[in-house]
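Q: build the 3D model from these lines:
(2 chains)
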Amino acid sequence: MKIPGLFWGQFRRDGALALRQPGELANPLAFFVLVITLFPLGVSPESAVLAPLAAGVLWIAALLSTLLGLEGLFRRDRDEGTLEQLVLHGEPLVLAVLARLLVHWLGTGLPLTLLAPVLGAMLALPEEARWPVTAGLALGTPILVLLGGVGAALTVSLRSGGVLLALLVLPLFIPVLILGVSVAELAVAGLPTAPVLAWLGAGAALALVTAPFAIAGALSIAVETG
Amino acid sequence: MKVPAPLVRLWHRLGSPRWFFETTAPWLPWLLGFGVVLLGAGAFWGLALAPADYLQGNSFRIIYVHVPAAILAQSCYMLMGTCGVVLLVWRMKLADMVLEAAAPIGASFTALALVTGAVWGKPTWGTWWAWDARVTSMLILLFLYLGIIGLRQALARPEAAGRACAILAIVGLVNIPIIKYSVDWWLTLHQPSTFKLTEKPAMPPSMWIPLLLSVLGFYALFIWSVLQSTRVVVLERERRTAWVQNFAAEQGSKA
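A: Modelled structure (predicted):
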């Protein structure tokens, strides 16, 4: 009975804070678009060259922009002392973590997924792969946020944890990248994409029930040991 | 379920770094000796006596370094994941010390496996590097090791660093099979059998016995070096205790 209240209270607070700083919300998205713009400039604007690369470029840009957003995930809460209160108040920290991650995903993963069809068209992504890739991003970006949250929580007490954070989480992102890109390949080859999407969904479910506990553990370590 | 009493006693004793330090001291020369003898025998047998492979000629002989290094690289991560669980569940100090000591050793074995693999790849595959499934998962394993080492160095307080590394080791341990299967699956999707190690012919005993010897020798040397560097960590962490200061004074008066 208390659990929904805790979750939604935290959700409203984090949501309000995020909305008050639209710039911070927009930065990872602008980065996502920018990285994608660099590829036609750097590789080739020919659609014959871009088409086979498009899904990979979308996914790598999504990985990098998620990574960029992760550093601030718990940083402000820690600096102002909110995190300490969350750890100390005795209610399950996992709920607050879940609410925080949901807000973060709504601000980064979701808009990125919604932008993907447009950017895919700009990258000459074959039409039959457009919706499968978007569905893959919708299922895969929550995994990125959940796994990345573990890295963000482990490095929350570091002043400049950015590079270390990349080293910690990018290897863990690799399965998501492989599955996400193969969705496009299957779609282009005219094969069913549902099995791979189901794997991504299974990964999201697994990450959803395990990662918040690891994050909560890492945050309590950071608070307890200063 | 009833746990036998001697095991319980051992478990409690493992809580004391001092007990560990004093108990393992006499093991070291034996482990080193076994390691050197087994590895020497395996290397001599493998390099000089074993017949050359009918397809790969003499280049296959690097197997006697490559395969043990790759096995150890994975075993070491298992050890670290286990230590992570023990540290988080039972708060055993010794587990943290082993976790710290084993990470660089595991990373070195992974790097050794990658380098020897590249050297082997040149004559057999015709290229130093191929994005083969096993090669790729070993490379990712190396990144996982580097992440743990980096996290430990970045966090100043040893206690925080230990528990954070334990969480990371466990997350990595859960992910290793997922990474492995996804990479295997990715390979079969991309390039069906362009590169396959000449479908392993069931090796004759004159080839696999020396391999077994060198694997065992690698294990002995691995245990020796993990024990050795754990002992150094024990001394560093416990330097304020009386027994370490007595030990240091004894060593000083001997020198």
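Q: does A:L144 touch A:L68 like I think?
A: No - shown here, A:L144 and A:L68 do not form a contact pair, counting by C-beta atoms under 8 Å, at 11.6 Å. Glycine gets a C-beta too; all of them are placed from N, C-alpha and C.
Q: more neighbours, those two?
A: The neighbour comparison of A:L144 against A:L68 (other C-beta atoms under 10 Å in any protein chain shown) goes to A:L144, with 30 against 18.
Q: so the more buried one is in which element?
A: A:L144 belongs to helix A:127-154 when assigned by DSSP states H and E.
Q: quick one: that helix to chain centroid distance?
A: 6 Å (C-alpha atoms, centre = their mean, to the nearest Å).
Q: likewise for stretch B:208-226?
A: On C-alpha atoms, centre = their mean, the centre of stretch B:208-226 falls 11 Å from the chain's centre.
Q: just for chain B, where's the confidence low?
A: For chain B, the stretches with pLDDT under 70 are B:1, B:188-202.
Q: how about the most centrally placed residue in it: what's its closest non-neighbour residue?
A: With distances taken as C-alpha atoms, centre = their mean, B:C76 lies nearest the centre of chain B, 3.3 Å away. Distances taken as C-beta to C-beta, 6 or more residues apart in numbering or on different chains put B:G106 closest to B:C76, at 3.3 Å, once the chain neighbours are dropped.
Q: what's near enough to touch that neighbour?
A: B:72-73, B:76-77, B:79-80, B:145 (C-beta atoms under 8 Å, 6 or more residues apart in numbering or on different chains).
Q: backbone phi and psi for it, please?
A: Here is the backbone geometry of B:G106 (degrees, to the nearest 10): phi -60, psi -40.
Q: same check, this time on B:G57
A: Per degrees, to the nearest 10, the backbone of B:G57 is at phi 60, psi -140.
Q: where does pLDDT dip in chain A?
A: A:1, A:226.
Q: residues contacting the residue minimising distance to the centre of it?
A: The centre of chain A sits closest to A:V145, judged by C-alpha atoms, centre = their mean, with a distance of 3.4 Å. Shown in contact with A:V145 (C-beta under 8 Å, 6+ apart): A:66, A:70, A:101, A:104-105, A:108-109.
Q: and those as CSV, adding neighbour count and distance to A:G23?
A: Shown next, in CSV, are these (neighbours: other C-beta atoms under 10 Å in any protein chain shown; distance: C-beta to C-beta, whole Å):
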residue, neighbour count, distance to A:G23
A:T66, 26, 18
A:L70, 29, 17
A:L101, 23, 21
A:H104, 25, 16
A:W105, 21, 19
A:T108, 26, 13
A:G109, 24, 18
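Q: quick check, nearest of these to B:A166?
A: A:L70 (20.8 Å; C-beta to C-beta).
Q: check chain A for its longest helix and report it.
A: Scanning chain A for the helix with the most residues, using DSSP state H, yields helix A:194-224.
Q: how about that one and chain B, touching?
A: Yes - applying C-beta under 8 Å from any C-beta of the partner chain, one finds helix A:194-224 in contact with chain B at A:203, A:210, A:214, A:217-218, A:221-222, A:224.
Q: ditto for stretch A:46-54
A: No - using C-beta under 8 Å from any C-beta, stretch A:46-54 stays clear of chain B, with a minimum separation of 12.1 Å.
Q: mind listing what's buried in that stretch?
A: A:50, A:53-54 (16 or more other C-beta atoms under 10 Å in any protein chain shown).
Q: chain A: helices as residue ranges?
A: So, for chain A - with DSSP H - the helices run A:2-20, A:22-42, A:47-70, A:75-80, A:82-88, A:93-107, A:109-122, A:127-154, A:162-188, A:194-224.
Q: on that earlier part again, the helix holding A:L144 versus helix A:109-122: what angle between them?
A: Counting by axes from the mean of the first three to the mean of the last three C-alpha atoms, to 10 degrees, helix A:127-154 lies at 140 degrees to helix A:109-122.
Q: what parts of the stretch 1-150 of chain B come near chain A?
A: B:88, B:140, B:143-144, B:146-147, B:150.
Q: rerun that using 7 Å as the cut-off
A: B:140, B:143-144, B:146-147, B:150 (C-beta under 7 Å from any C-beta of the partner chain).
Q: of the residues you listed, which belong to helices?
A: Reading helices off the residues of the stretch 1-150 of chain B next to chain A with DSSP H, I get B:140, B:143-144, B:146-147, B:150.
Q: distance to B:I170 and neighbour count added to these, as JSON lines?
A: As requested, these are exported to JSON lines (distance: C-beta to C-beta, whole Å; neighbours: other C-beta atoms under 10 Å in any protein chain shown):
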{"residue": "B:I140", "distance to B:I170": "17", "neighbour count": "22"}
{"residue": "B:F143", "distance to B:I170": "17", "neighbour count": "17"}
{"residue": "B:L144", "distance to B:I170": "12", "neighbour count": "27"}
{"residue": "B:L146", "distance to B:I170": "17", "neighbour count": "19"}
{"residue": "B:G147", "distance to B:I170": "13", "neighbour count": "27"}
{"residue": "B:G150", "distance to B:I170": "17", "neighbour count": "20"}
